[in-house]
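>>> structure of the sequence below:
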Amino acid sequence: MSDRARRSGTRSLALAFGLLLLPRCGSGEPQAPSLREGLAPYCAQLHIHQSMSEGEASFLGNVEQARQGGVIDVIWFTDHDWRMALHSYVSEFGFEEGVGPEMKVIPTRAIKPGRESEEVATVWLPVEHEPESPTLASTTATRVGEPVHQGAGALRLTARAQKGDGAFRRHELRFKAPGHRAIRPLATNVRVHLSIFPVGDPGPDTRILVRFLLSEQPPDRRAELDYWLAPRLPEDTEARRSRLVADHLMEFEPGRWNHFTFHLTRDAIADELGGMDNSVGEIRIALEARNGARIAAVFDDLRIEQDLTGEPLMARAWEMARALSSDDLSLYVGQEMSYGAHLNGLGPDVPLLDHARFPHGLLGSETVTFIHDHGGVAILDHMYGVGRKVEDLTGDREAESRMIRQTVDSLLRVNAYGADAIEVGYPLRGGMSLEHHLAAWDRIGMEGVVITGVGTADTHSNRRSWRTGRPNNWTTWIWAASPGMEDLMEGIRTGAAAFGDPTMWDGHMDISIPQGRAMGDVVIASHSPVEITFTCDGLKPGWEARLVNNGAVFETVPLTASEFRATRQIPVEKTSIVRFCVYNETGQAVVCSNPLYFYPSSPQRLLPGARLSGRRPA
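Sure thing, here's the model as predicted:
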């Protein structure tokens, strides 16, 4: 609920929906104060990328999408830590191998145990255009020994147009570095240097182009800076006007080397393309020709420079977030610590890792310790990995079951690294559905790993995972006294959170027992059964609530109104992880609660202190 005044006014509504410490039926005892007295559920996106990560997203693009949806209260920006440090980034290409690879050594031990480093290739690759599009008559891309601007080689491109084809056709290459290591956030004040030798004088039917693809700007267009070596700029056609592109005409001399410095940050500001809220996502070079004309050019000595990196760049991210914050949308800067394990570090005092000191990153448990030592909250990201395509396992039940077992075993082996939370709310991630994420979470809970489940998008694009909501757009509703960082972090630590699809739901969700415990708490059960009350609002008739104990649905309740409240007697002689989810009329998950944890005695695993000695008495 983005209207903060409306949020504070819903506290009395929450009481009416049963978010109370209720007496046993017929006891005649007065009702105790609400377990959530003074709290409200704030909708937060806890994992999202913008113009300091790989991908096309921008700060402003994500903010505008959130505001259009009207539900999000908080965005916690989480660009990759090593990307803000520009760790192991590529800063030059000598064209010594033409379109072939140039090798660079990067540290890799945390990713590939036992290997301190690895050679990786940077390369220029042809840009593929639509198969049915008309093409040039011929093109080449070759290494040459003359002319060269530096070193022993350079890249020569040639293109010849079809006779009678009056439209410009393009021969284009893009610079590719492993792990997107050639990108740069424009917040660092980026300059790109490139030397170009035009072979002959480009006439009216030929031109040379250097392109820089930037980030997405509202509503959903990707910005672009185009620099032309030509007699004139391209015609102002309707197709060009529909794109967010700024054209620059460069002065040059044919038949000799011309050294260019492209001031990308300066130009993106002057051209009103989003300014510093951009990343150089791709560097491209191209030749264009028409009417049977021929063109050739030689390229050499690519260098990328910037002024900021590390903590100064993170400080600038905070400045950009504060500038976009408003009374109804709080914006914070965290980080995805991801050069080794992938964990989000949230908190005002969590610094960037010193990658000069730790060039291989940190292992999972080390990362969590680092975050906790600086007062932050650690969230374990995408439990089923980062590299698997979504179609790899979906529908293969044997492979799905095996992946769940392997994931559970690995999480138990390291006690989920001691993280405060884990990303569970993914409709489809790593080839695994929401139900697979819930299954693994239930199983580690049954083994004594108490960890808050959250829903996230992990989107790298403004155009996906917001209103469209596919495949991943989930957010987390955190019970908190305010949308301030410390209050939200307390809600995450204590499991006082639900997670779901903000395009379908916005409301209150909780579980409580008369003994003064609620969703997220750990209860050392002294008697059984226990009276457990499930509450939720913001619902639609025709939906259903599925009540779950230890991963098994023990009751499905059809919903006939916008509010749901059900009290059940549930045996808890043994470990019981009790939660519930709501599904719409098509069977699609809408929102899920965190559990109440019941154990017959304290588990051998170390429990989070906030769960046993938090704000409510045992």
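>>> residue contacts, residue 567?
Residue 567 sits next to 22, 531-534 when contact means CB atoms under 8 Å, 6 or more residues apart in numbering. Glycine gets a C-beta too; all of them are placed from N, C-alpha and C.
>>> next step: those restricted to strands.
Here DSSP state E is the test, and those give 531-534 as lying in strands.
>>> report the two of these separated the most.
The largest separation in the ones in strands among the contacts of residue 567, counting by CB to CB, is between 531 and 534 at 11.2 Å.
>>> hey, which helix or strand in the protein has the poorest pLDDT?
Least confident helix or strand, the chain: helix 11-16 with a mean of 32, by mean pLDDT, DSSP states H and E.
>>> tell me if I'm right that residue 441 and residue 424 touch.
Yes. Assessed by CB atoms under 8 Å, residue 441 is found in contact with residue 424 at 4.9 Å.
>>> between these two, which contacts overlap?
Common neighbours of residue 441 and residue 424 (CB under 8 Å, 6+ apart) are residue 453.
>>> tell me which of those two has more neighbours.
Ranked by neighbour count (other CB atoms under 10 Å), residue 441 and residue 424 place residue 441 first, with 29 against 25.
>>> can you pull the contacts of the more buried one?
So residue 441 contacts 422, 424, 451, 453 (CB under 8 Å, 6+ apart).
>>> so residue 73 makes contact with residue 328?
Yes. Assessed by CB under 8 Å, residue 73 is found in contact with residue 328 at 7.3 Å.
>>> looking at these two, which is more packed in?
residue 73 (26 against 17).
>>> show me where the stretch 1-150 of the chain has helices.
Secondary structure of the stretch 1-150 of the chain (DSSP state H, counting those that start in this stretch): helices located at 4-9, 11-16, 59-69, 81-84.
>>> let me see the ranges of the helices in the stretch 501-618 of the chain.
Ranges of helices in the stretch 501-618 of the chain, per DSSP H, counting those that start in this stretch, are 609-612.
>>> beta-bridge partners for residue 156, please?
residue 142, residue 298 (DSSP bridges).
>>> just to check, it is in contact with residue 139?
No. Contact criterion CB under 8 Å: residue 156 and residue 139 do not qualify, at 11.3 Å.
>>> what about those two, which has more around it?
Set side by side, residue 156 and residue 139 show more neighbours around residue 156, with 21 against 18, by other CB under 10 Å.
>>> which one is the spatially most central residue of the chain nearest to, not counting chain neighbours?
Centroid-nearest residue in the chain, with CA atoms, centre = their mean: residue 458, separated by 2.6 Å. Nearest non-adjacent residue to residue 458, counting by CB to CB, 6 or more residues apart in numbering: residue 47, 4.8 Å away.
>>> what sits against the one you found?
Residues in contact with residue 47 (CB under 8 Å, 6+ apart) are 76, 78, 336, 344, 379, 381, 423, 456-458.
>>> dump those into JSON lines; add secondary structure, distance to residue 594 and pLDDT as well.
As requested, the contacts of residue 47 are exported to JSON lines (DSSP: H, G, I helix; E, B strand; the rest coil; distance: CB to CB, whole Å; pLDDT from 0 to 100):
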{"residue": "76", "secondary structure": "strand", "distance to residue 594": "18", "pLDDT": "98"}
{"residue": "78", "secondary structure": "coil", "distance to residue 594": "21", "pLDDT": "97"}
{"residue": "336", "secondary structure": "strand", "distance to residue 594": "22", "pLDDT": "97"}
{"residue": "344", "secondary structure": "strand", "distance to residue 594": "17", "pLDDT": "98"}
{"residue": "379", "secondary structure": "strand", "distance to residue 594": "14", "pLDDT": "98"}
{"residue": "381", "secondary structure": "coil", "distance to residue 594": "18", "pLDDT": "97"}
{"residue": "423", "secondary structure": "strand", "distance to residue 594": "13", "pLDDT": "98"}
{"residue": "456", "secondary structure": "coil", "distance to residue 594": "14", "pLDDT": "95"}
{"residue": "457", "secondary structure": "coil", "distance to residue 594": "19", "pLDDT": "93"}
{"residue": "458", "secondary structure": "coil", "distance to residue 594": "20", "pLDDT": "93"}
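>>> so where do the strands sit in the stretch 201-350 of the chain?
206-217, 221-229, 244-249, 258-263, 279-280, 282-289, 294-305, 330-333, 335-337, 343-346 (DSSP state E, counting those that start in this stretch).
>>> sorry, back to before: from the contacts of residue 47, pick the one nearest residue 38.
Distance to residue 38 across these (CB to CB) is lowest for residue 76, with 22.6 Å.
>>> next, count neighbours for that closest one.
The burial count for residue 76: 25, using other CB under 10 Å.
>>> surely residue 173 touches residue 285?
Yes. Contact status for residue 173 versus residue 285: in contact at 5.6 Å, counting by CB under 8 Å.
>>> mutual contacts of those two, please.
What both residue 173 and residue 285 touch, as defined by CB under 8 Å, 6+ apart, is the set 124, 157.
>>> quick one on the thing from earlier: looking at the strands of the stretch 201-350 of the chain, spot the one closest to residue 401.
strand 343-346 (26.3 Å).
>>> tell me what the closest one is packed against?
strand 40-48, strand 335-337, helix 364-373, strand 377-380, helix 485-494 (3 or more CB pairs under 8 Å, 6 or more residues apart in numbering; DSSP states H and E).
>>> could I get those as CSV with distance to residue 247?
Shown next, in CSV, are the helices and strands packed on strand 343-346 (distance: least, CB to CB, whole Å):
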stretch, distance to residue 247
strand 40-48, 32
strand 335-337, 35
helix 364-373, 45
strand 377-380, 43
helix 485-494, 43
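>>> just so I know, which of those lies nearest residue 414?
Nearest to residue 414, of the helices and strands packed on strand 343-346 and by CB to CB, is helix 364-373 at 6.1 Å.
>>> buried sites along that closest one?
For helix 364-373, burial by neighbour count (16 or more other CB atoms under 10 Å) applies to 364-368, 370-372.
>>> most widely separated two among those residues?
364 and 372 (12.7 Å).
>>> residue 410 belongs to a helix?
Yes. Note on residue 410: a helix contains this position according to DSSP: H, G, I helix; E, B strand; the rest coil.
>>> and the gap between it and residue 384?
To residue 384, residue 410 is 11 Å away according to CB to CB, to the nearest Å.
>>> now do residue 404
9 Å.
>>> overlap in contacts of these two?
Common neighbours of residue 404 and residue 384 (CB under 8 Å, 6+ apart) are 432, 436.
>>> so residue 385 sits right up against residue 432, yeah?
No. Using CB under 8 Å, residue 385 is not in contact with residue 432, being 9.2 Å away.
>>> looking at those two, which one has more neighbours?
residue 432 (26 against 14).
>>> run through the bridge partners of the more buried one.
So, taking DSSP bridges as the rule, residue 432 has residue 429 as bridge partners.
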